[in-house]
Structure formats: structure tokens, C-alpha cells
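Student: have a look; sequence and predicted model below, questions after that.
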There are 2 protein chains.
Amino acid sequence: MHIQAGFSPVVPGAGALRPLGIDHARITGGFWGRRQWLNREAIIPHALKWETRVGWIDNFVHTAAGDIADHRHGREFSDSDVYKLVEAMAWEVGRTGDLELDAEIERLGSLIEACQHDDGYLNTRFGNPGQQARYSDFAWGHELYCYGHLIQAAVARLRTGHEGTIVRVALKAADHVLSAFGENGRHNVCGHPEIEVALAELSRVTGEPRYLEQAQIFLDRRGHGILPDIEFGRSYYQDDEPFRESRVLRGHSVRALYLCAAAVDIAVESGDAELLAIARKQYDATLARRTYLTGGMGSHHQDEAFGDDFELPPDRSYCETCAGIGSIMVAWRLLLATGELGYGDIIERTLFNIVATSPSAAGDAFFYANTLHRRTPAAQSNLDEPLPRASSSLRAPWFDVSCCPTNVARTLTSLAGLLATSSDDGVQIVHYADAELTATIAAGAVRLRVETDYPDDGEVVITVAEAPGPFSLDLRIPGWASGATVDGEAVSVGTHRIADVVAGRTIRLCLPLEPRLTYPDDRIDAVRGAVAVERGPLVLCSESVDLPEGVAIDGYEVEAGVLPRPAGRTGATMPARRVRHDDSGWPYGSTTDPEVTDAIEVPLAPYHAWGNRGPTSMRIWLPERTP
Amino acid sequence: MHIQAGFSPVVPGAGALRPLGIDHARITGGFWGRRQWLNREAIIPHALKWETRVGWIDNFVHTAAGDIADHRHGREFSDSDVYKLVEAMAWEVGRTGDLELDAEIERLGSLIEACQHDDGYLNTRFGNPGQQARYSDFAWGHELYCYGHLIQAAVARLRTGHEGTIVRVALKAADHVLSAFGENGRHNVCGHPEIEVALAELSRVTGEPRYLEQAQIFLDRRGHGILPDIEFGRSYYQDDEPFRESRVLRGHSVRALYLCAAAVDIAVESGDAELLAIARKQYDATLARRTYLTGGMGSHHQDEAFGDDFELPPDRSYCETCAGIGSIMVAWRLLLATGELGYGDIIERTLFNIVATSPSAAGDAFFYANTLHRRTPAAQSNLDEPLPRASSSLRAPWFDVSCCPTNVARTLTSLAGLLATSSDDGVQIVHYADAELTATIAAGAVRLRVETDYPDDGEVVITVAEAPGPFSLDLRIPGWASGATVDGEAVSVGTHRIADVVAGRTIRLCLPLEPRLTYPDDRIDAVRGAVAVERGPLVLCSESVDLPEGVAIDGYEVEAGVLPRPAGRTGATMPARRVRHDDSGWPYGSTTDPEVTDAIEVPLAPYHAWGNRGPTSMRIWLPERTP
């Protein structure tokens, strides 16, 4: 078997840039270093504890024992969360060499392998004695979706230099998929895309084109109404129109994003520039018209779906954590394919404001949906109870549908893989974190030390520890960073190239982190007349626990156009006026303004930290006082 | 059996005012006359056709034949739609004396009676051979809900002077409910309130207190977590807290409103002033903080539920047609109980902007949800296919969940029962329609002729054709109608009393129907910076089919504070400026205003008529140009 080098979840065979795997990029501290520690110490053990407690791991034991029909727990896709946990553990083993986790992966792999049918079929919900028949419900069964996550776990093992049980199981399952769903097999697709992106990566890691071909078959097959019509319409699972004919992402956000990621992979591997352009156009349109300020995607709770263009109500935002991760998957693939570091802007925004927001400070509870406005105070839910209400704006320890915690875990552990890329003649730094980077360019190895407290501080010092000769260093200057300097010289936003960098050189990047006002496009009706405050990559918010005594979250208006003042290293304050509302009855009438009273200062703090200090209401978009 | 007089759906045994039944109030033309005609000629036959076509009537045939387990069609509550259609037919027979409809009621009654078990149990989805056991799913089974609508059909028959099969069946079912769910019976309630309001009215029409007592048992039993916890929480079916402890309506809107209506009935009949005050407080709070401009209620598609206070996004409004009808049920009961004609304001608003909006101009398709903002053009759906997507903003001929069409039908046919009330010494006119009214006051009969083209015209001429002596006439002057005159003299909004009215007198009421600007409470964030235009009781809207060539529904801003100009008898125009948006990418940035270009006039038309002229986008709230 051909195993491609690099501990990286995505290793394209072509494209403008090559990723640095987590064996070549290491986060050494700071914001993400703390979260990688939290992931290792709290989140991964928490997920294992809960998957054990709710019986999702025992589902494999019972399937092997033949009595699963009487003992199954969890939804139809619960196997996938075990696989995602294994994937997270696999990257963590790659990152740290943890032998206990390595043994845990083998233990889980053995439980899983014992359930696999001779022909490769594997599922604890279907197809075993006393259960509904295999492949009897493509709309909701999630069987192929589960294989997808199994395969991604195996990819993580292979990329980090391991083989073992889970790889064997996944390859057997993948070959089963090819024989069952190939050109001469069943003409079906899974209701939830995921198998496509998994097969594409499996093809890359094994060097076997047949997996890519199957991914392409699934992509082309979808969109012709081969899944049943349902209450939400076929757009829910992107079966309403072929991918190549769509202009924007639509339907269930996670499904749409996973499918789009696969389309980029297929386009890159098959040299299909037209398909790449189509995927890019859809994603770019989604960024321009269907994305919240936090990078969150999805306006509909009902079907966990994108809304229409500019339908982005903050108090009904869904912004599923997994959709944020799906968006990062697409943007990263587009960055590698096109070489445009600008895609790093949405990745950074989504990492700091969705991925970092989901887990509680203790790593023991998670947002499933990430609202931009909570009107009534609420704390996180009972830490001892799974929450059926995934869509509420509460962090919960576990959910009946629990895709998000393990998705956060696998993203955090492999996060260093998003820091930088290389090309034949240079290195590109996409994200700024305290890190060590080793890139391979045509002339040899480049080793960089990045020192920074970003986003607490805007200074980033890059030292070239080793270089085979002069190389070019590209820095992503975020779109919001006008005023940035490199070695004291002003630079433009976008990609800043420093030519002829040699070993021993130190480069000092300064990103301006003053709090700034951000206004929405006028077509986002739900936030007209409101303003947000951002500071560097961080979206700030107002929480009721920070407001002066007696001021409610809807009890003030900020002064129009007045700049926020910095507070601490990541916060701000906004001058505002208290307002007194007319509570006499019917809330519509011939006059508009509430009565404005005394001046107050409204403290703002990073959105990612909200909801960690007891029951609170919160808002990102602040109403402006009309002059 | 004691049958109380008056062809009225609601006949309280106490309270400030007595309703005029549809035998004493007759609509003779105009806006509602045309809709009563449409109901008779189109909507009722349409509902019968569809209930036959989709097999909901045949469910009774198969149940009687014993083979329903293999032949059932429709959702678990489909029986209730047959009962609601029978109720609509019953009022229509009362209104018109139609013998064919009368025979149709008997035909349906016989089909239904053949399914009733010896002990009174009746349902085509549960409890028959091969089916799930009776009363095995109180959360979703809707068995008691179905009885409720059966009983309301029987009430309509009894009130209009008929007995016959459906009455016999309903009484037997009601007695079964009492024996099965009384104090010594099963300690349960139905997931969907409805049985309560039905039993209360059955008690009134039969004079049997035991039905009221059972309604009270159900009301008191609910709210103690006796239904299972579900994804939406127990607030979904008002089982999270006792009714007497709630401060505002919450959860599934229709359920909350039906329950509140029952609470008013129970309070009135049992003389429980505290319960009445609680119900009133909850409804008043709901009007003040959880109601759309159209009178629509419900902000959540996901659980068809109320949102938090002021969470009223127009592009995600649910505003189920049935919730509008439920709101009218509550408001009318409160009006009768308290004597405050002001409750007529919300009834009128909801009639003109929800009930009149639901059916298409041809009466062959219906809105289930009534959005205030449709961003992308769409026509009504295929007239030959039921729509699974009840929540979309499309009129459809029928739905998998089809509560709304028959609810509209029963409301339209009994509509004259909302026009006026009487007290011992006078008559109160609540709604203005071309009508003949005969009220009984202490001294004898008062006969009034009301002539008007309202809401096309603001003049209402009331002629006293007959009176037993001087009486007082109260006129509801709507809250928006400042500038109204009676016989040329200015009158205040609220209740205007004319004392000592005698036979032969003519009273001329003029309601000002100039289009007016309406602003939202500042706390309704989703419509900040926008204004609506109303004309009399009509909410107006902008439809893309009316806009100048090349102007999109989000392509203009109206001039701030400029009064709309009347157009025709019910429309208006607003001066506006076209805007050109920046489509360069990320929709958030350091500047706010779109580029303002040429002046245009934006035509506005009644919201109730929207979506009748081909694919169109629409908005009620118009963005104001910031000066």
C-alpha cells in the first residue's frame, strides 16, 4: 500500500499549495494550544465516557453478540460518532504519540470489526438479526454516512503511520461500497453526504483511483430526485438539482458543505477545472449571502438548513457547530486548490467564533447550535443529562444527536494542519499561532518559529531557524487588518509576499487589534439599524451578566458611529444610552423611538467565551441610537 | 335535552355580553359576503373532494369494515379534519338551510357512527383490529383532540336546531371520555388541547355540568409534566407548568390558544374570576410581545411555536392560519366575558390579515403558514398535489397536515356570529359589514340594518329598523381610527356609546381609511429601521409583480417619515429610492449604507390578496432610507 506522507486530513494530489501535516506544524501554546490541551484532557475523555454511557459503543458489542435488535441505543447514525471519536483519537496519537489512546483505538477497532459482515457491510442499526433490512432507507438510514466517518478514521490512522484494525475494517467496508454501489450496483446515494469526501481521501492515501471514481459516481448520481420527496423538499439532501447546476449551497447545511468539500476533492484529483469553478462559485455565493458574522451557516432550525439569500435572523440562527466545521473543510480545500490565502479569512473567523465557542470552558458541554442572540437568560443544561433539544441555545454535555462534540474533538486535535502550506519555492502562513513549522520546498526543508499571543496581541514574530536558501514567505493579512505592518512597513490586506527570505531572518508582523465597528449588508433585514463590534478575528458580544444593574439586554442603544474603546486584551466597551420602552400593549404604532435616558458603558467580550458564567442573555448585533 | 337558543359557536352562561348567532346576524354582501360565497361554492366542496381523494373519509369505511389496519391513509389526526368539515357544513346548513349539505352531514355521520365502539371509543388510527392500542400515545396520538372536533361539530348541529347521527355519536364519545378520563379514570391529557373547549361548549348546549367538570379536570391536570419530555420541551404542549401559573402563551401556538380559550370558558361558567384574569393576562401579554402585525402568532417553524418576547422575524414568521383562528377564539371569549369591545381590534386584524389571506382568490389553495416576507418568487403549488411542506410560504390545495382549510371553512360560515353582541339594555357592534342584525335586549327585539363597503370605504350607515324603546348602541372604534366621526362629530377610539337610540334613527359612522405609517416596538429587532403601511384594518404589502421593471423586492428604501399616498380604495404608494448593493463578497464591513439612486413609487396592496398573480416575492416591512 502506498501511504502518502504528512499527518494531514487533506492531502491533494494536485493544486497550488501543499498542506503541512501535524507532524510538520506544531502548536506550542496560546489560544489554540490551550484548546488542544482541553481537547486532550477533557473533550476526548468526555466523548468516550458519554458514548459508553449512552450505549453507542455497546451497540457494537451487542451486534457482535447477535442480540442488538433488543439492545440498541441511540439514533440511526450513532455509529458515526464512535468513528469520529476514533478519528479524533487517531490524530491525537499522531500529535502526541499517546500509547494509551493508541490501545483504546485498537480496543474500539476490535469491537467494531466483530460486527462486520463477511461482505464488508457494517452497521449496528440495520441488517443484523431482527433488524430492518440493510439499505432499506437511503433517505434517513445514514449507512453510507457512517462508512464515511469510519473511512476518515482509517485515513487518520494511515496518515499518522498506523495500520491496525480500524484500517482493515474501513478498507473492507470501502470495497463493499464499491461493489454494492458502483456503476453496476444499486443506483442510490446516501441521504447525508460524507461517503464522498471520505472515499476521495481514501483514494489519496492509498493511491487507489477506484475510491475516487466511486466518490465521483455518488456526486454525479445525486441531484436527480433519486431520494424520496420529503417535508423539507429534496433540496434538504441536495437531491433537487445536480451539483454542477447549482449556484449556491442550500438545504441542510452540513450535508451541503460535506458534499461541496467532496466536489473540490474530485475536481482537484480529476483535473476538472470546471467542477472546481462550480464548487468555488457556490461556496463564494454562500459566503456573500448566507453566512452569519460568526462564520456560522444555517438559518433554519426546522431542517437545519440554509435560508434564502440574506435570511439571517440572529435570534433564530442555527449555525450548527458541524456546519462551521464543514465550512472550514470546504474553504481549506479551496485554499489548497487555488492558492488564494484569502480563504483563510473565513477559516479563521469560523475557528474563533464557532469551533472555539462550542465547548464550555471546562470542555464538558457543547453548543450544538450557535445563536447570535439569546433573549432570555439560560445557563448550560444539566451536566448529567443528555439534551434532546440540540437546537436550543444551551451547552449540553451530550445530545441524542451528538455529531458536534466529536467533530470539535477531531478538528482541535488536527488544527495545526491548517496553519501553513508550502509550494515549490516558498512557505505560506495562513494562521497565526505560537507554533513551530517545518515545510519542504523544492530546495529542502524550511523551519520556522512563530511566536505570538494572537489574538490577545497583534504582534507575530517569525524566525527562520533553517532554510536551504532564499525562499518566499507569504503571509495572509486578514481582510479586516488594514493598517497591518511587516517590519514596520504598512502592508495591504490579502497575501503579502516577502521574497528572498534566508535562514536567521526575523520578521515582525503587526496586526491591528483595535476594536472596530462592523455593519451588515442592508439586505440582511434582521440586523438593520444595528452594529457589531469585532476585535481582530474575534466577534464580540454583550452579555447580560456584564451589564449595569437594572439594564436588560434589550434595554440600551449604542451611540451611532462612535468607536468602541478597548477593554483588556480582547474586550471593548461601547457608549450607549438606556432606553425605556412603552409597555402599554399592542407593539405597533405611529411612533417609533423608545425613550432614551441615561448614558451607560456597555462591556463587550469575545463571543466564543459567552455562556460560561451562569444564566445570561446575549447579543452580537447592538441596536444603534438613531440620531 | 336543553338546547340553548342562538346559532352561535360560543354561548356563555355568564359574562358581560351575549353573542348574536348567525340566525340573528346575517352578512348581506361586501368583503365577507364574497368570502362566505366563496366558502360555500368553493372551499367546502374543495375540502370534501380532497378528504375523499386522500382517503380520510374512507378511513371510516375501512374501520367499519374491519380492515383499516391495511388501508389507513393520512396522519393520526386526520379524523379531526372530517369532523371540522362536518362542523363547517353544519353552520352552513344553519346559515342557508341547504338540504343537500344536510344530507351530506347525515351520510358522513353514518360512516362515522359505524366505527364507534360500544363503549363510545372512536378513532380510525388506534384501537381497531391490527392497530396500535387505544390511548397508547397521549403525546402524539390526538385521540382526545379528535373527539374535541367531533363534539364541536355536534355543538354546531345542536345550536342550529338539528340532532341526528353526529350528535348521537358525539354525545356517546363525550360520555366515554368522562368515564375513561374522569377523576377515577386514566390520569392523562391529550398532547393537543381541544377537548377542553369542546366539552365546555357541549356543557353549555346540553346544560349538563359534567362536561364542564371534565374540561376543568383536563385543564388542572395539565402542566405537571404528565406528558413525556420531547425534543421541543414540555412547553410544546403546555405541560411544563400549570395554566394558572403561566404569564404568557408559549409552545405550539394552536395548542396554547385552544387551551386558553377553554380556560376562559371554564372561568366564565364556574364564576372563577381569578382564572379569567390569568387567561386574560396571558393573552394580553401575548398580544403585546408575541404577535405579528398581521395578528399572526408563532415565530418557529420547527415546533410551530411562539418564540421569546419580541422574537418576531418576518421572513421566518410561521403564523399558522389555525393559530389566527385560535387567537380569534380567545379574543371573542374575552370580549364576551369582559364586555371590552377592544378585543374586537385583534379579531378584526386577524380576520382581514390571516383568515382572509389563507385561501386563494379561487378558494382552491390555502396558506398554512402566513409569512410576512417572502424573499424569492414562488407561485402557489401544483393544484393537483397535496403539499407535504405545510410550512412553506406557498398556497397548496391540500396538506398532509391539513387542519387549516377546514378551520377556515368553519370560521367563514359562522363569521356573522362575530359581528355584534347584546346586553340587557343595548346592542354592541363589533365588526362592520353589510349586514342585518336582530338583537334581543330586556325590552324586546332590536333590528338593525348596517350598510357599508368597509373596508373598501370607511362609511358605515346603521339604520334602526325596529326597537322596543330607547336603547344604547355601542360602536367599536378601532385603535387605529383616530379621526373617526359619528354623525359628523369626532369620537375617540375605543367604545363609543350612543344613548337612547330609537327606531327609525340612522347613524353614520365614518372611519378614516387614509393609508398610515406603522412603526414597530424597538425591541422587535428583526424589523428595526423598517416601516409598514396600513389602511384601515388592512395591512398592506409590496409584491415584486407590482414593482417597476428591474427593481427587486430588496432593491429599494422608502423615504423616512413620508406619508403614503392612497391608490384605489385599498392600496397605496410610497415614494422610495432604488438602491444598489455592493455584491463584492463578505456582507459585513466598516460602512453601512447602500448606494441610493433614482426615485421610484412603490405600489402597495392588501396583504390578504398577495400571491394570487403568479410567482412573486413580497414584504410588509419596508426598509426606511436613513436620512
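Tutor: Perfect, thanks for sending it.
Student: confidence score at A:V493?
Tutor: At A:V493 the predicted local distance difference test score is 97.
Student: leaving out the residues flanking it, which one is nearest to it?
Tutor: Of all residues beyond its chain neighbours, the one nearest A:V493 is A:I477 (4.7 Å), with distances taken as C-beta to C-beta, 6 or more residues apart in numbering or on different chains. From N, CA and C alone the C-beta is placed, and that goes for glycine too.
Student: need the contact list for the one you found.
Tutor: Taking C-beta atoms under 8 Å, 6 or more residues apart in numbering or on different chains as the contact definition, A:I477 lies against A:484, A:491-496, A:511.
Student: buried members of the residues you listed into PyMOL, please.
Tutor: Selecting only the buried members of the contacts of A:I477 in PyMOL, with burial defined as 16 or more other C-beta atoms under 10 Å in any protein chain shown, works like this:
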select buried, chain A and resi 484+491+493+494+495+496+511
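Student: what's the burial count for A:E106?
Tutor: A:E106 has 14 neighbours, counted by other C-beta atoms under 10 Å in any protein chain shown.
Student: ok, it to chain B distance?
Tutor: For A:E106, the distance to chain B under the criterion C-beta to the nearest C-beta, to the nearest Å works out to 36 Å.
Student: likewise A:L334?
Tutor: Counting by C-beta to the nearest C-beta, the gap from A:L334 to chain B is 14 Å.
Student: over to A:I553?
Tutor: The gap separating A:I553 from chain B is 10 Å, by C-beta to the nearest C-beta.
Student: who's in contact with the longest strand belonging to chain A?
Tutor: What stands out as the longest strand in chain A, according to DSSP state E, is strand A:595-606. Contact with strand A:595-606 is made by A:352, A:515, A:533, A:535, A:538-543, A:546-548, A:551, A:556-558, A:564, A:567, A:570-582, A:622, A:625, as judged by C-beta under 8 Å, 6+ apart.
Student: okay but A:G555 is in contact with A:P594, surely?
Tutor: No. Under the criterion of C-beta atoms under 8 Å, A:G555 is not in contact with A:P594, lying 9.3 Å apart.
Student: hey, what's in contact with both of these two?
Tutor: A:V579.
Student: beta partners of A:T440?
Tutor: For A:T440, the residues forming beta bridges with it (DSSP bridges) are A:A445.
Student: A:V167 falls within a helix, correct?
Tutor: Yes. Following the definition DSSP: H, G, I helix; E, B strand; the rest coil, A:V167 is counted among the residues of a helix.
Student: give the contact list for it.
Tutor: A:154, A:157-158.
Student: from the residues you listed, which is closest to chain B?
Tutor: For these, the residue nearest chain B by C-beta to the nearest C-beta is A:A154; the value is 33.0 Å.
Student: contacting residues for that closest one?
Tutor: Neighbouring residues of A:A154 by C-beta under 8 Å, 6+ apart: A:166-167, A:169-171, A:202.
Student: look up how far A:E92 lies from A:V155.
Tutor: Using C-beta to C-beta, to the nearest Å, one obtains 15 Å as the distance from A:V155 to A:E92.
Student: now A:L108. Nearest residue, chain neighbours left out?
Tutor: Counting by C-beta to C-beta, 6+ apart, A:L108 lies nearest to A:V86, which is 5.6 Å off, once chain neighbours are set aside.
Student: got the residue ranges for the helices in the stretch 301-450 of chain A?
Tutor: Taking DSSP state H, counting those that start in this stretch as the criterion, the stretch 301-450 of chain A contains helices spanning A:321-338, A:343-350, A:403-413.
Student: so which of the ones you listed is nearest B:I347?
Tutor: Evaluated over the helices of the stretch 301-450 of chain A, closeness to B:I347 peaks at helix A:321-338, with 42.2 Å, by C-beta to C-beta.
Student: just want the residue of the stretch 151-300 of chain A that's nearest chain B.
Tutor: For the stretch 151-300 of chain A, C-beta to the nearest C-beta, closest residue to chain B: A:E231, 4.6 Å.
Student: from what I see, A:L513 and A:G458 are in contact.
Tutor: Yes. Counting by C-beta under 8 Å, A:G458 is a contact partner of A:L513 at 4.3 Å.
Student: now the common contact residues for the two.
Tutor: By the contact definition C-beta under 8 Å, 6+ apart, A:L513 and A:G458 are jointly contacted by A:G536.
Student: buried residues, the longest strand of chain A. List them.
Tutor: Neighbour-count burial for strand A:595-606 [16+ other C-beta under 10 Å]: A:600, A:602-606.
Student: and the next helix or strand after that strand, which strands flank it?
Tutor: Using DSSP states H and E, the helix or strand that directly follows strand A:595-606 along the chain is strand A:616-619. Strand pairing for strand A:616-619, determined by DSSP bridges: strand A:373-378 (antiparallel), strand A:538-543 (antiparallel).
Student: just checking, the residue nearest to A:L108 touches A:G109?
Tutor: Yes. In this structure A:V86 lies within contact range of A:G109 using C-beta under 8 Å: 7.3 Å.
Student: out of these two, which sits in the busier spot?
Tutor: When neighbours are counted by other C-beta under 10 Å, A:V86 comes out ahead of the other of A:V86 and A:G109, with 27 against 21.
Student: need the contact list for the more buried one.
Tutor: Residues in contact with A:V86, defined by C-beta under 8 Å, 6+ apart, are A:105, A:108-109, A:153, A:156, A:166.
Student: that's a strand at it, yeah?
Tutor: No. Secondary structure assignment places A:V86 outside any strand; it is helix (three-state DSSP).
Student: relative to chain B, how far out is the nearest residue in space to A:P228 that is not next to it in sequence?
Tutor: Taking C-beta to C-beta, 6+ apart, and ignoring the residues beside it in sequence, A:P228 has A:A139 as its nearest neighbour in space, at 5.3 Å. Distance, A:A139 to chain B, by C-beta to the nearest C-beta: 13 Å.
Student: A:A139: how many residues sit nearby?
Tutor: Applying other C-beta under 10 Å, we find 16 other residues in the vicinity of A:A139.
Student: now A:R569: how far from chain B?
Tutor: 22 Å.
Student: err, A:L387, not the other one
Tutor: For A:L387 relative to chain B (C-beta to the nearest C-beta), the value is 9 Å.
Student: for that residue, give me the pLDDT.
Tutor: 74.
Student: just give the nearest non-adjacent residue to it, would you?
Tutor: Ranked by C-beta to C-beta, 6+ apart and with sequence neighbours excluded, the top spatial neighbour of A:L387 is A:A396, at 3.5 Å.
Student: which parts of the stretch 401-550 of chain A are strands?
Tutor: Counting by DSSP state E, counting those that start in this stretch, the segments of the stretch 401-550 of chain A that form strands are A:420-423, A:426-429, A:435-441, A:444-452, A:459-466, A:471-477, A:485-486, A:489-490, A:494-501, A:506-510, A:516-520, A:530-535, A:538-543.
Student: now the third one against strand A:471-477, angle please.
Tutor: The directions of strand A:435-441 and strand A:471-477 differ by 130 degrees, with axes from the mean of the first three to the mean of the last three C-alpha atoms, to 10 degrees as the criterion.
Student: name the helices or strands packed onto strand A:435-441?
Tutor: Using 3 or more C-beta pairs under 8 Å, 6 or more residues apart in numbering or on different chains; DSSP states H and E, the elements in contact with strand A:435-441 are strand A:25-27, strand A:420-423, strand A:426-429, strand A:444-452.
Student: okay, A:T592: pLDDT?
Tutor: On the pLDDT scale, A:T592 gets 72.
Student: and for the residue lying closest to it once chain neighbours are set aside, the neighbour number?
Tutor: For A:T592, ignoring the flanking residues on the chain, the nearest one in space by C-beta to C-beta, 6+ apart is B:Y519 at 3.7 Å. Neighbour count of B:Y519, defined by other C-beta under 10 Å: 22.
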